[in-house]
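Enquirer: Sequence and predicted structure are below.
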Amino acid sequence: MLKIIKIALYAFIIIFCLTNLLALAGLGYLWFSPGASALTDLPYLDKLVTAAILEIIVVVIVLVTKGFRYLPEVENHNTEDMTLSFMKKFVSSGSTVQIVSSRLSWIRNSKDLMDTIKKKAKDGACVEVITPNPVEDEIRNDLEQDGIVFFVTNESTSPEARFTLVNGNRSGAERLAIARGSHPEHEVTIFDNHSGPQIVGMAKDIIRKSKEKANAK
């Protein structure tokens, strides 16, 4: 199948180049050749020019459409409510959820988000939280009762990375949300297997190493 697609792409490129060369040759002949001064047009030149323009438009549309797939999504949140609402929607979209955070106190500000995470775990989804220091008992006990698993790395320096990975167990379907900024304004960048496969891979490595470090204690 790939061989057929490759042949089709080469055929399209050849046709695209020939169409444009013929159209340019015809226009050049009309504009610059002394012998063409009496001519107002060449047979089929208008059709060649139209075909060349249409081909260019199609190529631009295809390239732009494909190009957007390789750009990460970016969301700007000006309030905490916007960030929590995004998190609820993002967590709901995955079959597994892994949250890496310096602290988890923010989660108590959204009952909807708490309920969404609890429901995920109750439904059998793997939901993990990784923090450098123990989460407050009030939050941790409530979430642990519903199956959320906590990993504490006991690091003296809080990590700069704050991210959430969903579908970490489904190769090619992972989505990674990385937040930056300070409360309450955040810029969240969302990567997937097209826009940031290397970054997704690094996030999975950080999660794996953090869990190993937490379990080694």
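Expert: Thanks, I have it. Numbers count the residues shown, from 1 in each chain.
Enquirer: how far out from the middle of the chain is stretch 123-136?
Expert: Averaging C-alpha positions (CA atoms, centre = their mean, to the nearest Å) puts stretch 123-136 23 Å from its chain's average.
Enquirer: what's stretch 82-99 in contact with?
Expert: 75, 77, 106, 109-110, 112-113, 116-117, 120, 125-130, 164-170, 175, 177, 179, 184, 186, 188, 190, 207 (CB atoms under 8 Å, 6 or more residues apart in numbering). Just so you know, the C-beta spots here come from the backbone N, C-alpha and C atoms, and that holds for glycine as well.
Enquirer: Stretch 199-217 now?
Expert: Residues from elsewhere that reach stretch 199-217, judged by CB under 8 Å, 6+ apart: 98, 100, 128, 130, 151-155, 161, 163, 165, 168, 174, 176, 178, 191-193.
Enquirer: Quick one: buried ones out of these?
Expert: Among these, those buried by neighbour count (16 or more other CB atoms under 10 Å) are 98, 100, 128, 130, 151-153, 163, 165, 168, 174, 176, 178, 191-193.
Enquirer: what two of those have the greatest distance between them?
Expert: Farthest-apart pair in the buried ones among the contacts of stretch 199-217 is 152 and 193; separation 29.7 Å (CB to CB).
Enquirer: Please work out the average pLDDT along stretch 205-217.
Expert: Here stretch 205-217 scores 87 as its mean pLDDT.
Enquirer: ugh, typo on my part, it should be stretch 56-68
Expert: On average, stretch 56-68 scores 79.
Enquirer: List the contacts of it.
Expert: Contacts of stretch 56-68 (CB under 8 Å, 6+ apart): residue 16.
Enquirer: Now that stretch: buried residues?
Expert: Going by 16+ other CB under 10 Å, stretch 56-68 has no buried residues at all.
Enquirer: need the strands for the chain, in chain order.
Expert: 73-77, 96-100, 126-131, 149-152, 163-166, 175-182, 185-192 (DSSP state E).
Enquirer: How far does the fourth one sit from its chain's centre?
Expert: Using CA atoms, centre = their mean, the distance from the centre of strand 149-152 to the centre of the chain it belongs to is 26 Å.
Enquirer: re earlier: buried ones among the contacts of stretch 82-99?
Expert: 77, 106, 110, 113, 116-117, 120, 125-130, 164-168, 175, 177, 179, 186, 188, 190, 207.
Enquirer: Might you report the residue contacts of residue 51?
Expert: Taking CB under 8 Å, 6+ apart as the criterion, residue 51 is in contact with 19, 23.
Enquirer: Distance of it relative to residue 145?
Expert: 67 Å (CB to CB, to the nearest Å).
Enquirer: Then residue 212?
Expert: 26 Å.
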